[in-house]
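**Q** What follows is a protein structure lacking sequence information:
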């Protein structure tokens, strides 16, 4: 699964160039897009709130998030026991 498809469930993303996407951050309220997603590296970053991390597919078709400690709200909203719930 592409990381952009994962975040498209929660926010609108527009492709800026091959494999790169931009949109409103799903982790905080904002009016100007500052959330970037990169399908090539499976990473995401918000320049507004500082949330960043990566997603890695697992053997059993689950997805594992890793995020900076600076964004605890991500865990509360999207992750249970280290696995994505969406």
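**A** Everything's here; your move. This one's a predicted model, so the numbers in the text were calculated from it and none came from an experiment. Numbering: from 1, shown residues only.
**Q** low pLDDT regions in this protein?
**A** The model of the chain has pLDDT under 70 over residues 57-86.
**Q** Quick one: the helices in this structure, in order.
**A** 3-8, 72-78 (DSSP state H).
**Q** what sits against residue 42?
**A** Going by CB atoms under 8 Å, 6 or more residues apart in numbering, residue 42 touches 3, 54-56. Where you see a C-beta, it was placed from the backbone N, CA and C, and this is true even at glycine.
**Q** measure it to residue 31 for me?
**A** 27 Å (CB to CB, to the nearest Å).
**Q** What segments of this protein are strands?
**A** 13-17, 20-23, 35-38, 43-46, 52-57, 63-67, 79-80, 83-84 (DSSP state E).
**Q** tell me which strands and helices the second one is in contact with?
**A** In other words, strand 20-23. helix 3-8, strand 13-17, strand 35-38 (3 or more CB pairs under 8 Å, 6 or more residues apart in numbering; DSSP states H and E).
**Q** No more questions from me, cheers.
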